[in-house]
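[1] Quick check, what structure comes out for this input:
(one chain, ligands or ions: 1)
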Amino acid sequence: MPLLFKKIKDLRNYLKSLRCEKKEIGFVPTMGYLHEGHRALIRTARNQNDVVVVSIFVNPTQFGEGEDYDRYPRDLNRDLAICEEEGVDVVFAPEVSEIYPKGYRTKVCVGELGKVLEGAFRPGHFDGVATIVVKLFNIVQPDRAYFGEKDYQQLKIIQQVVEDLNIPVEIVPIPTVRERDGLACSSRNVYLSPEERESALSLYKSFLLAEKMIKSGERDAERIKEAIKAFIESHPHVTGIDYVEITDENLNPKKVVEKGDRILLAVRIGNTRLIDNWKVEI
Ligand code: AMP
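    Now for the predicted structure:
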């Protein structure tokens, strides 16, 4: 079983002794309810470090009003069992009051990159993400930290924060893990009814459609985005498309699509909001 810590002080003391032994620490921050995507991050961390630390914390400050903070799935025992299977050494699962004690005030503001795409629909979300990640980096002081491309904008923002604030950690990106039929693994997939899950597959299928258009010579981003929207909207249970965007690898919008660009989207299926993205390979 991994060692479980709930208090910052105890975790710090333990990791300090390991650092004295010159052990390299790999860190995987999560909100728990672990799945194959998280396992991929953990496995890479296991391969590249002496010690693997996983944090499990549903961070309230990255959820907006009316979002799913209260109903977000939580099951610490299930997560601990998965961590054990993956050879995790340490799990950090603090209470909210441990991370944001009374009188807590400071936050990290990520600026423009946090206001586009996801940020336009979830104001303050990325400030909340950056704040918790910087706090966790200061608590764990890892050599490397692992982030999924599933949350592509989050990954780019964390890379920017680490560079801007000179945080001595190597950010390791991990490609998106999908279920057998192509649906991107997500803790939020448990919200989907079987019929909704079927419609949720349209996100992945729309990427294949875009690839096909691009392979047959289409380069106009607007036309590709329209085709993606029309395809997704043709499915039942789709209650809204927040955005479909095509950008370069640094999230700058593109008019003419090239190899290495990203298609990013957010779609609501029933009451569930899903995000996904795709790297254009021509
Ligand atoms: P979360 O618990 O959803 O906050 O995710 C924790 C980390 O796992 C983040 O770095 C996510 O990008 C990553 N992650 C979540 N889903 C996937 C996936 N399907 N494939 C790869 N990484 C993922």
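[2] What is the single longest strand found in the chain packed up against?
    The longest strand of the chain (DSSP state E) is strand 238-247. Judged by 3 or more Cβ pairs under 8 Å, 6 or more residues apart in numbering; DSSP states H and E, strand 238-247 is in contact with helix 118-121, helix 221-233, strand 262-269. Heads up, the C-betas are built off the backbone N, CA and C, glycines and all.
[3] ranges for the helices of the stretch 1-150 of the chain?
    Shown for the stretch 1-150 of the chain, the helices assigned by DSSP state H, counting those that start in this stretch span residues 8-20, 36-48, 76-85, 96-99, 118-121, 125-140.
[4] possible to save these as JSON lines with mean neighbour count?
    Below are those laid out as JSON lines (neighbours: other Cβ atoms under 10 Å):
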{"stretch": "helix 8-20", "mean neighbour count": "14"}
{"stretch": "helix 36-48", "mean neighbour count": "19"}
{"stretch": "helix 76-85", "mean neighbour count": "16"}
{"stretch": "helix 96-99", "mean neighbour count": "14"}
{"stretch": "helix 118-121", "mean neighbour count": "17"}
{"stretch": "helix 125-140", "mean neighbour count": "22"}
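[5] Identify whichever of the helices and strands packed on strand 238-247 lies nearest to the ligand.
    helix 118-121 (12.1 Å; Cβ to the nearest ligand atom).
[6] Kindly report the residues of the stretch 1-150 of the chain close to the ligand.
    Residues of the stretch 1-150 of the chain lying close to the ligand (Cβ under 6 Å from any ligand atom) are 30, 31, 37, 38, 40, 41, 147, 148, 150.
[7] Among the residues you listed, give me the pair with the biggest separation.
    31 and 40 (16.0 Å; Cβ to Cβ).
[8] Smallest gap between the stretch 101-250 of the chain and the ligand, at which residue?
    residue 148 (2.1 Å).
[9] Next up, the contacts around that residue.
    Shown in contact with residue 148 (Cβ atoms under 8 Å, 6 or more residues apart in numbering): 37, 40, 41, 155, 173, 174, 175, 176, 177.
[10] One more pass at 10 Å, please.
    Residues counted as contacts of residue 148 (Cβ atoms under 10 Å, 6 or more residues apart in numbering) are 28, 30, 37-38, 40-41, 154-155, 173-177, 184-186.
[11] Can you tell me which of those residues are buried?
    Buried by 16 or more other Cβ atoms under 10 Å: 28, 30, 37-38, 40-41, 154-155, 174, 176-177, 184-186, out of these.
[12] can I get those in a markdown table with pLDDT and distance to residue 99?
    Shown next, in a markdown table, are the buried ones among the contacts of residue 148 (pLDDT from 0 to 100; distance: Cβ to Cβ, whole Å):
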| residue | pLDDT | distance to residue 99 |
| --- | --- | --- |
| 28 | 99 | 17 |
| 30 | 98 | 14 |
| 37 | 98 | 23 |
| 38 | 98 | 20 |
| 40 | 98 | 26 |
| 41 | 99 | 21 |
| 154 | 98 | 18 |
| 155 | 98 | 22 |
| 174 | 98 | 24 |
| 176 | 98 | 27 |
| 177 | 98 | 27 |
| 184 | 98 | 27 |
| 185 | 98 | 26 |
| 186 | 98 | 23 |
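[13] Can you pick out the most distant pair from these?
    28 and 184 (17.6 Å).
[14] Can you check what pLDDT the model gives residue 165?
    Looking at residue 165, its pLDDT is 98.
[15] quick one: low-confidence ranges for this structure?
    Scanning the chain for pLDDT under 70 picks out nothing.
[16] what's the single longest helix in it?
    Identified as the longest helix of the chain according to DSSP state H is helix 194-215.
[17] before we move on, the earlier item: could the helices of the stretch 1-150 of the chain be laid out in CSV, adding distance to residue 263?
    Listed next are the helices of the stretch 1-150 of the chain as CSV, based on distance: least, Cβ to Cβ, whole Å:
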stretch, distance to residue 263
helix 8-20, 39
helix 36-48, 19
helix 76-85, 30
helix 96-99, 34
helix 118-121, 14
helix 125-140, 20
